[in-house]
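K.L.:
coords please:
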Amino acid sequence: MLRIALLLVCGLASAETRYYLVEGTIELPGGKRVGTIASLAKRTTDRDAGQIEELVLSLRGSEPAQEFTTVIRPEGEKATMKSPGAFEGEAHLSGPAWQWTRMTFTARMERGGTVDGEDEFSEDRMSAVKKVMGADGRLQVIIRESGKSISQPLYDLLRARLLPAAIAKP
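P.N.:
Coordinates of the predicted model:
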């Protein structure tokens with residue numbers, strides 16, 4: 001019985017999930033603000049699975065909420081990242097292993113173009129800057145995001161209200 005309890009405790013310690021409420025702006029290269037974003041993010045770092053999974057529910061303007069999953073697979077300080085149907089790319093991680101606090105990345109969009117980004121994470125905050133380039137390599141928009149850590153019950157409540165179909169798939 002003690003052995004099972006120890007395995008459960010060790011298993012729980014290998015995966016850590018944080019939840020964030022995020023707001024952001026979309027700017028043209030000259031600095032003119034052309035939109036806003038509100039997002040909920042669930043970020044699970046799982047050493048045993050060898051991955052970081054980010055589930056992001058995003059609201060832009062009057063468009064319906066969209067939810068995306070990104071899987072980041074670290075190998076040392078480098079990582080690959082993929083969001084099925086959206087993008088794939090490479091990243092560089094900074095900070096203590098499996099407690100990384102910063103990630104810079106380049107992602108190739110499936111519809112063409114790339115995103116160069118920099119994300120920073122702490123226990124209670126996150127921030128991100130993403131530069132979106134068109135297929136021609138020219139800067140299209142800059143997305144600046146900042147977020148604050150929230151509780152799992154608040155995350156679940158907001159997610160259920162913003163994406164009712166999500167209730168069926170936790």
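
K.L.:
give me the nearest residue to the most centrally placed residue in the chain, chain neighbours excluded.
P.N.:
Nearest to the geometric centre of the chain sits residue 54, at 4.4 Å (CA atoms, centre = their mean). Spatial nearest neighbour of residue 54, excluding adjacent residues (CB to CB, 6 or more residues apart in numbering): residue 70 at 4.5 Å. Bear in mind the C-beta positions are built from the backbone N, C-alpha and C, glycine included.

K.L.:
dig out what the residue nearest to the centre of the chain forms beta bridges with.
P.N.:
When assigned by DSSP bridges, residue 54 has beta-bridge partners residue 43, residue 70.

K.L.:
what sits against it?
P.N.:
Contact analysis of residue 54 by CB atoms under 8 Å, 6 or more residues apart in numbering lists 41, 42, 43, 44, 69, 70, 71, 72.

K.L.:
just the buried ones from these, in ChimeraX syntax?
P.N.:
Buried residues within those, by 16 or more other CB atoms under 10 Å, are selected in ChimeraX with:
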select :41,42,43,70,71,72
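
K.L.:
and which of the contacts of residue 54 is nearest to residue 58?
P.N.:
Using CB to CB, residue 41 comes nearest to residue 58 of the contacts of residue 54, at 9.1 Å.

K.L.:
CA atoms of the helix or strand where that closest one lies as PDB?
P.N.:
Using DSSP states H and E, the element containing residue 41 is strand 33-46. This file holds the C-alpha atoms of strand 33-46, laid out as PDB (Å, rounded to 0.1, in the frame of the first residue of the first chain):
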ATOM      1  CA  ARG A  33      -3.600  48.800 -32.500                       C
ATOM      2  CA  VAL A  34      -6.000  46.900 -34.700                       C
ATOM      3  CA  GLY A  35      -7.500  44.300 -32.300                       C
ATOM      4  CA  THR A  36      -7.600  42.700 -28.900                       C
ATOM      5  CA  ILE A  37      -7.500  39.100 -27.700                       C
ATOM      6  CA  ALA A  38      -8.700  37.400 -24.600                       C
ATOM      7  CA  SER A  39      -7.500  33.900 -23.800                       C
ATOM      8  CA  LEU A  40      -7.600  31.100 -21.200                       C
ATOM      9  CA  ALA A  41      -4.400  29.000 -21.100                       C
ATOM     10  CA  LYS A  42      -3.800  25.700 -19.400                       C
ATOM     11  CA  ARG A  43      -0.100  24.800 -19.400                       C
ATOM     12  CA  THR A  44       0.900  21.300 -18.300                       C
ATOM     13  CA  THR A  45       4.600  20.500 -17.900                       C
ATOM     14  CA  ASP A  46       4.900  16.700 -17.700                       C
END
